[in-house]
Each structure stands twice: as structure tokens, then as C-alpha cells.
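Engineer: generate coordinates for the sequence data below:
(one chain, ligands or ions: 2)
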Amino acid sequence: MKTYIVAAAEGISPAAALLSVGDIVALPTETVYGLGADALNPTACAKIFEAKDRPLYDPLIVHIPDRKWLVRLAVASDCAHILAENFWPGPLTLVLPRTGIVPDIVTSGQETIAIRMSAHPDFQAVARIFGNPIAAPSANRFGRISPTSADHVVEELDGRIPLVVDGGDCAHGVESTIVLVRGSEIHILRNGPITAEELARFGTVRGLMADISAPGGLASHYAPSTPLVIEDLVADGAELPFMERASRLLSVQQNGGADGHPSSIGLLAWSHSGEGFAHVEHLSKTQNLREAATNLYGAMRRLDAAGHALIIAESVPEHGLGAAIMERLRKASAR
Ligand code: TXA
Ligand code: MG
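Structural biologist: Ligands and ions are numbered 1, 2, ... in the order given. Predicted coordinates for the structure are as follows:
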């Protein structure tokens, strides 16, 4: 199959048409690119799992064209309605009890459904023309780094999907925050652009819930092919000598290209200058966590593509969007 990348202006109508006939298309959202299908058509949704090599036990997020769809697909508590009013359209996904019209393949047979409404104008345009909810996981092969540009989608899914609608780079760069809402309790299942601090205004926030049925519930996820370790390289404003430690990490990793020398190490930098490393990608030179989130996956892809023996990722402060970034780094480092 040939995969076409089409600018949003020309891609919106064909994308809606493909969805209507049960096909799949990659679409930009404000978080990461999604691989969309008609959420009410099980055969169409099956194509998502096939294209991504995604196991059927990992349920999909459903993106609704407007708020009316919330109660058609889910049983929403007052708290869920308030969250939807305050954060939709936007990067918040609500996990709620589902209704009978949701196909089993979407929820992997679970009694809950994950729902959000995207704020991306191109996604909204497609959703409006199509008119039905769109099931869309991130448009990467299973377990790999989520795409934040149309080119990333092609790197992941070329030849497996008919169309990528190019809506430019994603504004947030990390996937939506996912919360399970039980009455007025908000359980965070995945950290993301909407922070615990923001959610706390609307209910009792419970921290990350480690549940195997939950998002990226698997320990390893969002992973580059190159081994990645998280390290603190700066203490009290001073860069720590990392050479000896890096050599040790390298010899432990035993990666094909390892030559036991830090010159084959790439750095995903937060506060280190990068001196001494073969290749440095700065998340944000001004140490802005929003900018860092936007750059995270692109930087991870470039480091991965460079074929280093090892990637060292510096920890970032774990407040605000830092929680989402650290969660991704931990999953990228698990193998
Ligand atoms: O920002 C996003 O959320 C992007 C864009 C495309 O919207 N989508 C996304 O989808 O990240 P995906 O499939 O890559 O990640 C969704 C996660 C999965 O790990 C899945 O396990 C979890 O959401 N999930 C889906 N339905 C669920 C449910 N009913 N209960 C718990 N977790 C669920
Ligand atoms: Mg994903």
C-alpha cells in the first residue's frame, strides 16, 4: 500500500471519506498524531491493531466530534461532566463506564471506555465532516515512540496506512492525561499536559494508579531501540564527572555498537551542557517544561536514529509537565 502525506487543506475531506468507508487514517492532534478509524465499526478498528501490531488487549481512546457524544458512549458522573466542560476540547482523556453501543474491540472487552475531544483544528474538521466518534491510538508501531509530526508517522507506518494528514508539529508533544473518574475521585492513569495540580480544582486527585489494564500499563513503552538510562548529571549547579560511570553503563548494556567509550553515548539533556558527549539533544535550553515536552519525542527519535550505543536521559523536575516527561522516560528506559 502506498502511504500519502497530504497537507491538511487537501487532506481533510479524503480523510473523512476514508473513515466513512471503514478505512484508517493518521491525523494530527494537539498531543501526538493519532491513527483513526470509525469507533463504531469493529472491522475498521481491527485495522488499527493490525497496522500498529498492537495487541488486542490494549484498548483505544475514542475521540468525539462534540460533547453530545459523551453520554451516548459513557455513563458520566457530575465530576466527569465538569472535567469535560473545563478541559474539552483538550488533552484530557476520561475513563468511564461504557454504554452498549461501544464495540468490544475498542475497549478490549472492558466495561470502561476512554474518551476525549481533540482541540486540533484539523482533527476537529475531519471529525465534524465524518460525524461519528473516531477511535485513535498514537500513530506508532506498538511500544514505540509516539509521533509528533507527519514525518514521524511515516517512519512508523509507511506502507501500512493509506493517508497521513499533515497538520504540522503537535503543540503538546506528549499524550493526553488519562484519568479514571469514580464519583468525585479522579485517579490519574497516565500523566500528561493536564497536570494533577489543575485537576485538583475539580475533585479529589489520586496519584498514578499502577493497573495492568491501564495506559501504557506495560512497564516498557514509548521506547527507542537504543538502550536508555536515566541519570542525574548535575548536582548543585555543577556537572558531575560522568565518564567513568558512563563507561560502566556502556559495558553493562552490551549493545552491538558499544565500544566502551562515552563518545558513543547520546545525551538527552535537561541541565547539562553536553560537553564530552557524542551527540546532545537539549529538551529546553531555558528549562521550560512545556517546551521540553514538545521536544521530547523528536529528540528521542534523533538520538535513536544516530545509532549510539547508549542514550543517557537527564531527569527533569517532577512537577507540572515534568511528571509526564519522567513517566515517559521511565517507560523508555524499562526493557
Ligand atoms: O493524546 C493521546 O491520548 C493520543 C492522541 C492520539 O489522542 N492517543 C493515545 O492513545 O495516546 P494510545 O492508544 O497510544 O494510548 C491510550 C492508552 C492506552 O495505553 C490504553 O491502554 C489506555 O489508553 N486506555 C484506553 N482505554 C482504556 C480504558 N478503558 N481503561 C484504561 N485505560 C485505557
Ligand atoms: Mg500510544
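Engineer: could you count how many residues lie near residue 326?
Structural biologist: Applying the criterion other C-beta atoms under 10 Å, we find 17 residues in the vicinity of residue 326. For every residue, glycine as well, the C-beta is placed using N, CA and C.
Engineer: give me the low-pLDDT residue ranges for this structure?
Structural biologist: Along the chain, segments meeting pLDDT under 70 span 208-220, 252-263.
Engineer: so which residues on it come close to ligand 1?
Structural biologist: Residues of the chain lying near ligand 1 by C-beta under 6 Å from any ligand atom: 29, 31-32, 34, 58-61, 91, 93, 95, 107, 110, 112-114, 136-138, 175-176, 178, 189, 213-217.
Engineer: just the ones in strands from these, please.
Structural biologist: Among these, DSSP state E puts 34, 61, 93, 95, 112, 113, 114, 178, 189 in strands.
Engineer: how many other residues sit next to the fifth one?
Structural biologist: Pointing back at residue 112 there. Residue 112 - counted by other C-beta under 10 Å - has 18 other residues nearby.
Engineer: find the nearest non-adjacent residue to it, please.
Structural biologist: Among residues not flanking residue 112 along the chain, residue 95 sits closest, at 5.1 Å (C-beta to C-beta, 6 or more residues apart in numbering).
Engineer: was I right to think the one you found contacts residue 178?
Structural biologist: Yes: under the criterion of C-beta atoms under 8 Å, residue 95 makes contact with residue 178 at 6.3 Å.
Engineer: how much space between the closest residue to ligand 1 within the stretch 51-200 of the chain and residue 268?
Structural biologist: For the stretch 51-200 of the chain and ligand 1, the shortest gap (C-beta to the nearest ligand atom) falls at residue 137, measuring 2.8 Å. Plainly put, residue 137 is 24 Å away from residue 268 if you go by C-beta to C-beta, to the nearest Å.
Engineer: what about the helices in the stretch 201-335 of the chain?
Structural biologist: Remark: helices assigned in the stretch 201-335 of the chain by DSSP state H, counting those that start in this stretch are 243-253, 289-305, 321-333.
Engineer: check the stretch 51-200 of the chain too.
Structural biologist: Counting by DSSP H, counting those that start in this stretch, the helices of the stretch 51-200 of the chain are 69-73, 78-87, 104-107, 121-130, 150-157, 196-199.
Engineer: buried sites along the last one?
Structural biologist: If you call a residue buried by 16 or more other C-beta atoms under 10 Å, then helix 196-199 has these buried ones: 196, 199.
Engineer: likewise for the third one?
Structural biologist: The neighbour-count criterion (16+ other C-beta under 10 Å) identifies 105, 106, 107 as the buried residues of helix 104-107.
Engineer: residue 241: neighbouring residues, count only.
Structural biologist: There are 10 residues near residue 241, going by other C-beta under 10 Å.
Engineer: can you check residue 185 too?
Structural biologist: Neighbour tally, residue 185, other C-beta under 10 Å: 14.
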